[in-house]
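> Okay, sequence plus prediction incoming.
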Amino acid sequence: MADGSVLLYDKPTGVTSHDVVAAVRRERGNAKVGHAGTLDPFATGLLLILTGSATRLQRFLIELPKTYVARARLGWHSSTGDSDGALTETGRLPDSLVLPTGSVRQRVPMTSAVRVGGERLYRKAHRGEVVETPEREVEVYRAELLDSDAESAAYEIECSTGTYVRTLIETLEDAYCAELRRTAIGPFSASDAGVPQFIDFTMTDRAYMQTPMRGGLRWLDHESVARYGKPFVDCAAADRTALLDEIAYPDKVKPDLAQGASFFSMFRDTVATGFFTSKVGIADLKYMGNVANPGWHGCPDECLEHLGLKA
């Protein structure tokens, strides 16, 4: 959108979604900023930050399905269902590590931001109040067990908006959600489309792109060290985002950042090509190819007449 954007932000642990929005708002001179789906402070991963006119998309983006990777700590109980609560060791291991899928009814946890009686539940919880919270029906499309041992179990979970993953983990009974990372929101996950593999293939197939790509990566590290005292990948997510924002818009780039802008444009084009030529990207475009249209009855007579083709 001309005066708005959707930023893919990798939220670190210990930071609230509101903190991220506030930081972006300050960076952009108090511009209109929002997000499309909150993440708890202890959770990490993908947060969609909306700026300017893109905030109008919030009600659509917030309804997209979410994908998470979660690690359950077994044989323990948490008062909040996550690592921020009071922890008690039970020593009992769950009889089964299978999580429920399909339509699931969940009771909203006391630590959520849902309002009850005009006040957010977590504020009541901080005062020690306990109230009856509403129930919701959510959809868990997939809950795949990735690995497990005597202490923990890891899952990849794909679910509808409004699903509380920690509440899902609590169905194991003697377990709580120790780690939670959101890896995708709807189509917003380039790695799912095999984009890194596409870029690797492209660099091998088109040798002329290797030098500018390596040069751009070195430029990123050089600029990051100059600004933050460390290579790009070691910088805080907010610092990485701030640097990329300065080279993402060619018509607004300062002259001394021209090399970075050239690299970013090439990288963005390669990522976009990789994504939108993948199965995931084509599905996102809703491209159907050559499909018969039973409602087509030929070119209208007035068009044929206009072209001088009517018999």
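All right, it came through fine. Everything quoted here is computed from the prediction, not taken from an experiment.

> Show me what counts as buried in stretch 101-114.
101, 104, 106, 108, 109, 110, 111, 112 (16 or more other C-beta atoms under 10 Å). All C-beta spots, glycine's among them, are computed from the backbone N, C-alpha and C.

> do stretch 198-206 as well
Neighbour-count burial for stretch 198-206 flags 198, 199 (criterion: 16+ other C-beta under 10 Å).

> CA atoms of that stretch as CSV?
Extracted as CSV, the C-alpha positions of stretch 198-206 are listed here (Å, rounded to 0.1, in the frame of the first residue of the first chain):
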residue,chain,number,x,y,z
PHE,A,198,15.5,-21.5,-4.2
ILE,A,199,18.0,-18.7,-3.4
ASP,A,200,20.8,-21.3,-3.0
PHE,A,201,19.9,-22.8,-6.4
THR,A,202,19.7,-19.4,-8.0
MET,A,203,23.1,-18.3,-6.7
THR,A,204,24.6,-21.6,-8.1
ASP,A,205,22.8,-21.3,-11.4
ARG,A,206,23.5,-17.6,-12.0
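
> between the buried residues of stretch 101-114, which is nearest residue 295?
Using C-beta to C-beta, residue 101 comes nearest to residue 295 of the buried residues of stretch 101-114, at 38.5 Å.

> what's across from the closest residue to that closest one other than its chain neighbours in the sheet?
Spatially, and ignoring its direct neighbours in sequence, residue 101 is nearest to residue 140 (4.6 Å; C-beta to C-beta, 6 or more residues apart in numbering). Note on residue 140: beta-bridge partners residue 102, residue 159, judged by DSSP bridges.

> I'd assumed residue 102 was in contact with residue 140.
Yes: using C-beta atoms under 8 Å, residue 140 is in contact with residue 102, at 6.6 Å.

> picking up where we left off before, residue 111 versus the residue nearest to residue 101, what's the distance?
The gap separating residue 140 from residue 111 is 20 Å, by C-beta to C-beta, to the nearest Å.

> hang on, residue 163 is in a strand, isn't it?
No: secondary structure of residue 163 (DSSP: H, G, I helix; E, B strand; the rest coil): coil, not part of a strand.

> Need the contact partners of stretch 113-120.
Contact with stretch 113-120 is made by 38, 108, 112, 121, 122, 124, 131, 133, 134, as judged by C-beta atoms under 8 Å, 6 or more residues apart in numbering.
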